[in-house]
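Chemist: what's the 3D shape of this:
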Amino acid sequence: MTLRQIYERERQKPTAVQSFVDELCQVTAKTPVSVYRWVTGRVEPDELTKRVLAEHLKTTPEELFPSKK
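Modeler: Numbering: from 1, shown residues only. As a prediction, this is how the structure comes out:
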């Protein structure tokens, strides 16, 4: 499941989006703007951040950020 798919799933829950974004901000030490850019696919995080996100979400970096090729 990609990061965007996880985000969309969380959006379906009342008031869950902001807590999900806050959680990712805390785990990665990044800003909400950065997190929103990742989930919309505008920007990909650096490799270390990808690994931290994948570990936190119990998946792989490749699944969260599939190749656009």
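Chemist: longest helix of this protein?
Modeler: helix 16-28 (DSSP state H).
Chemist: Show me what that helix is packed against.
Modeler: Counting contacts by 3 or more CB pairs under 8 Å, 6 or more residues apart in numbering; DSSP states H and E, helix 16-28 packs against helix 3-11, helix 32-40, helix 47-56. For glycine as for every other residue, the C-beta is placed from the backbone atoms N, C-alpha and C.
Chemist: how about these, which one is nearest Glu62?
Modeler: The minimum distance between Glu62 and the helices and strands packed on helix 16-28 falls on helix 47-56, with 8.3 Å, by CB to CB.
Chemist: what's the angle from the closest one to helix 16-28?
Modeler: 120 degrees (axes from the mean of the first three to the mean of the last three CA atoms, to 10 degrees).
Chemist: next helix or strand past helix 47-56?
Modeler: Next in sequence after helix 47-56, counting helices and strands by DSSP states H and E, comes helix 61-64.
Chemist: which other residues reach stretch 48-66?
Modeler: The contact list for stretch 48-66 (CB atoms under 8 Å, 6 or more residues apart in numbering) reads Met1, Thr2, Leu3, Ile6, Leu24, Val27, Thr28, Lys30, Glu44, Pro45, Glu47.
Chemist: so where's this protein shaky on pLDDT?
Modeler: 15, 69 (pLDDT under 70).
Chemist: sorry, back to before: what lies in contact with the longest helix of the chain?
Modeler: For helix 16-28, the external contacting residues (CB under 8 Å, 6+ apart) are 6-7, 10-11, 30-32, 34-36, 45, 49, 52-53, 56.
Chemist: What residues sit buried inside it?
Modeler: Neighbour counts over helix 16-28 (16 or more other CB atoms under 10 Å) mark Val17, Phe20, Val21, Leu24, Thr28 as buried.
Chemist: same deal with stretch 27-34?
Modeler: By 16+ other CB under 10 Å, the buried positions in stretch 27-34 come out as Thr28, Lys30, Ser34.
Chemist: tell me the contacts of Arg37?
Modeler: Counted by CB under 8 Å, 6+ apart, Arg37 has contacts Val43.
Chemist: hmm, back to that, now tabulate the buried residues of helix 16-28 in CSV and tack on distance to Thr60.
Modeler: Formatted as CSV, those follow (distance: CB to CB, whole Å):
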residue, distance to Thr60
Val17, 23
Phe20, 19
Val21, 21
Leu24, 16
Thr28, 16
